[in-house]
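> Sequence plus the predicted model coming up.
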Amino acid sequence: MPQTDRAINEAIESEIACCADCSTDITTDEPVYNADNDEICESCDEDYTTCRECDETTHVDNIYWVNSDPWCDDCYSENISSCYECGHEDSHDNFVYDENEGEYYCDDCYQPSDDYPSWDVYSNEYVKTAESFTSPYKDCYSRDTFKLIPSKRYMGIEIETNFHNYVDEGNLRFELDMSIAQSRLEGMGYDQSNEWEPDTLLRSNDPEDNRHLGRLHIPGDGSVRRGEHEHGTEVVMQPRRGDILHKDVQTICNVLKHANGAYVSRHCGMHLHIDCRDYDWYHFSVLTLLVKLIEPHVYTWVPPSRLNGRWCKPVSQSFNDFSYITSRDAFVDFWYDNGSFTNDKYNDKRYHGFNLHCHFQANQGIEIRYHAGTLNPDKMRHWSIFWSNVVDTAYEIGQSMRDEFAYDPNLNQSRMFKSLYNRAIDNKIRNMEANNTYGKDSVSIEGYMKDSEKMRRYLRLPKRDKPYLLQPMLNHVRTRPQQAVMSISNIFDTFNISDETAKFMQSRMVEINADKEHIDQCFDNRTSIVEFDKKTMSFKYVDSLGSQFPLIDYPGIRQTYYASELGNIFDVNSRNEELLQYTL
């Protein structure tokens, strides 16, 4: 080939390329490329960098710089956040995500936002029909029935127990699981004929292959192992509904007592969890109010240690506190005594007989902690019936209250609440106090007597040969919403408690041998009996415990006395300490 042809070919092979970005000639023998994989010059190469996440080449105009590291648009969007407080940017891994606020915070700005828990509300129909926990298909029993326990809510029971000797918790769990699996085998049988039939979820005819049906957890509980009771634990049942709950409780208690020598000491309790995923703030408000009104009776059904101990304290809120509940957040403030919700399992609010902290903190439903330890399945059944009916009824009343206000509920203005707090009566009480208080220079005895008679009639007190002292009656009417209790007959009627369960509950006082001192403590400072009317959705005061009201017994009384003298003659702040004997 002629020299000239060789030179031409070499020139073609080493043809000078053109930069795809700036169009200048490329003179280097080591090519570099842009994001579109086109060759560029060394100068333009400085305008490109590699994303630290995906290693893709990207133009600096499309790069986000975070802590001096380059991020392409896609990786930046997926991995980088800015602190909601100060705006500092960093990867998600270096931020704290506040689930309550839905925002990311850097370590310097983050303050735990425990003020309000997350709160999802499901429909009542979902709660009654969803198969979220134990169910016939998953757990190999024919169907859910509700002859023994009527409520369709899921319920779980925690059984605290002691043992006379050491019991290995792993072996105990195995034994309990096997016993429940055996009960399923006896009820359903094992059938390999059709793999799609529910009963084929029984893995074989061997109980050991079906241990998953126990749905039990044994976390251990050091609180029951104290003093001479050195051995003990807690058996936690996954929620189940209706009669299968009672059947499994019978199985568990039988294994605990007869195969492991279990017994209960005063350190044990039986805790009932009830599904409340359909509850909004107004349902919880109604339920809490009702629990406070029935709570004195509940404590008479359990040993005195349950009232006086730290594990199941009474409802802490006053009746007046209910008037400030207007929203979910307001209910949380109310429930936690304005002390703020904390996402701590052992928040002190969990140690109340009526415990909502487990719902807000761990979505474990309402926990009823009043009951002492027991290994008696019938006690657990009646307890489950009573409290699930209370929860069901409170839901219905909450729905009615919501409808009363066209889906914008207002507890403070509801018929239910206003029947307890009659503001018109409060105004009349203030007027009577203004006219008759011993803070004035003098009062009209004639006016005093008229007001005394008005209050006697209003309170339906028996007529006596002497007039009633006015001030104690006025004090009573002013404070009675804080000191009200439902009658026992109205409790059973309001919550649709069957005669069998009602008689069982009333018999509890006899069984625990409740003495007068315990009864007095249960009803301490309760001075008015109220009854709820489900037709009108309102309360009515039916008994004002008239024995507490003293009579005027001063022989030298004249037409007009100095009010201060009346105050000295009659101790207007005193109360008769004698407790009216309740019919329980």
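Ah, there it is.

> Would you mind listing the buried residues in stretch 123-130?
Residues 124, 127 are the ones in stretch 123-130 that count as buried (16 or more other C-beta atoms under 10 Å). All C-beta spots, glycine's among them, are computed from the backbone N, C-alpha and C.

> Quick one: mean pLDDT over that stretch.
The pLDDT scores in stretch 123-130 average 96.

> For this protein, which residues score under the pLDDT cut-off?
1-16, 27-29, 97-102, 110-115, 187-208, 437-442, 510, 513-514, 545-548, 553-584 (pLDDT under 70).

> how about the nearest residue to residue 491, chain neighbours excluded?
residue 294 (5.3 Å; C-beta to C-beta, 6 or more residues apart in numbering).

> For the one you found, give me phi and psi.
phi -100, psi -10 (degrees, to the nearest 10).

> again with residue 128
In terms of degrees, to the nearest 10, the main-chain angles of residue 128 are phi -80, psi -20.

> Give me the distance between it and residue 550.
53 Å (C-beta to C-beta, to the nearest Å).

> And stretch 229-238, what's buried?
For stretch 229-238, by 16+ other C-beta under 10 Å, it's 229, 231, 232, 233, 234, 235, 236, 237.

> got a markdown table for these, with distance to residue 355 and secondary structure too?
What follows is the buried residues of stretch 229-238, written out as a markdown table (distance: C-beta to C-beta, whole Å; DSSP: H, G, I helix; E, B strand; the rest coil):
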| residue | distance to residue 355 | secondary structure |
| --- | --- | --- |
| 229 | 24 | strand |
| 231 | 27 | coil |
| 232 | 21 | strand |
| 233 | 21 | strand |
| 234 | 15 | strand |
| 235 | 19 | strand |
| 236 | 15 | strand |
| 237 | 17 | strand |
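
> Residue 140: which of the residues you listed is nearest?
Residue 140 lies nearest to residue 237 out of the buried residues of stretch 229-238, by C-beta to C-beta, at 16.4 Å.

> Surely that closest one is in contact with residue 247?
No: with contact defined as C-beta atoms under 8 Å, residue 237 does not reach residue 247; the gap is 11.6 Å.

> any idea which residue sits dead centre in the chain?
Nearest to the mean C-alpha position of the chain, by C-alpha atoms, centre = their mean, lies residue 356 at 2.3 Å.

> and that one, what is it in contact with?
Shown in contact with residue 356 (C-beta atoms under 8 Å, 6 or more residues apart in numbering): 284, 288, 335, 349, 366, 367.

> What about these, which are in strands?
Per DSSP state E, strands hold the following members of those: 366, 367.

> I'd like the contacts of residue 356 laid out as JSON lines, including distance to residue 542 and neighbour count.
As requested, the contacts of residue 356 are arranged in JSON lines below (distance: C-beta to C-beta, whole Å; neighbours: other C-beta atoms under 10 Å):
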{"residue": "284", "distance to residue 542": "27", "neighbour count": "24"}
{"residue": "288", "distance to residue 542": "22", "neighbour count": "21"}
{"residue": "335", "distance to residue 542": "29", "neighbour count": "24"}
{"residue": "349", "distance to residue 542": "32", "neighbour count": "21"}
{"residue": "366", "distance to residue 542": "28", "neighbour count": "25"}
{"residue": "367", "distance to residue 542": "32", "neighbour count": "21"}
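
> before we move on, back to that, can I get the buried residues of stretch 229-238 in CSV including distance to residue 17?
Output for those, formatted as CSV (distance: C-beta to C-beta, whole Å):
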residue, distance to residue 17
229, 89
231, 86
232, 84
233, 79
234, 78
235, 79
236, 74
237, 77
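
> what about residue 361, how many residues close to it?
19 (other C-beta atoms under 10 Å).

> Nearest to residue 307 among the buried residues of stretch 229-238?
When those are compared against residue 307 (criterion: C-beta to C-beta), the nearest one is residue 229, at 21.0 Å.

> How far off centre is the helix or strand containing residue 477?
Using DSSP states H and E, residue 477 sits within helix 470-479. Helix 470-479 sits 35 Å away from the centroid of its parent chain (C-alpha atoms, centre = their mean, to the nearest Å).

> Ok, stretch 119-128 next?
Stretch 119-128 sits 14 Å away from the centroid of its parent chain (C-alpha atoms, centre = their mean).

> and the end-to-end length of that stretch?
19 Å (C-alpha to C-alpha, to the nearest Å).

> ok, residues contacting that stretch?
By C-beta under 8 Å, 6+ apart, stretch 119-128 touches 130, 152-154, 275-280, 328, 360, 395, 399.

> Only the buried subset of the residues you listed, as a ChimeraX command please.
Provided next is the ChimeraX selection string for whichever of the contacts of stretch 119-128 are buried by 16+ other C-beta under 10 Å:
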select :152,153,154,275,276,277,278,279,280,328,360,395,399
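
> would a markdown table of the contacts of stretch 119-128 with distance to residue 75 and secondary structure be doable?
As requested, those are arranged in a markdown table below (distance: C-beta to C-beta, whole Å; three-state DSSP):
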| residue | distance to residue 75 | secondary structure |
| --- | --- | --- |
| 130 | 40 | coil |
| 152 | 50 | coil |
| 153 | 47 | coil |
| 154 | 44 | coil |
| 275 | 43 | coil |
| 276 | 43 | coil |
| 277 | 39 | coil |
| 278 | 42 | coil |
| 279 | 43 | coil |
| 280 | 41 | coil |
| 328 | 38 | helix |
| 360 | 37 | helix |
| 395 | 48 | helix |
| 399 | 49 | helix |
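
> of the contacts of stretch 119-128, closest to residue 434?
residue 328 (39.9 Å).

> okay, now the closest residue to that closest one other than its chain neighbours: neighbour count?
Closest residue to residue 328 apart from its sequence neighbours, by C-beta to C-beta, 6+ apart: residue 281 at 4.5 Å. By other C-beta under 10 Å, the residues close to residue 281 number 22.

> Ramachandran angles for residue 281?
Main-chain dihedrals, residue 281, degrees, to the nearest 10: phi -60, psi -40.

> Wait, residue 117 touches residue 333, no?
No: using C-beta under 8 Å, residue 117 is not in contact with residue 333, being 11.9 Å away.

> quick one: the residue nearest to residue 491 from residue 488, how far?
According to C-beta to C-beta, residue 294 stands 9 Å off from residue 488.
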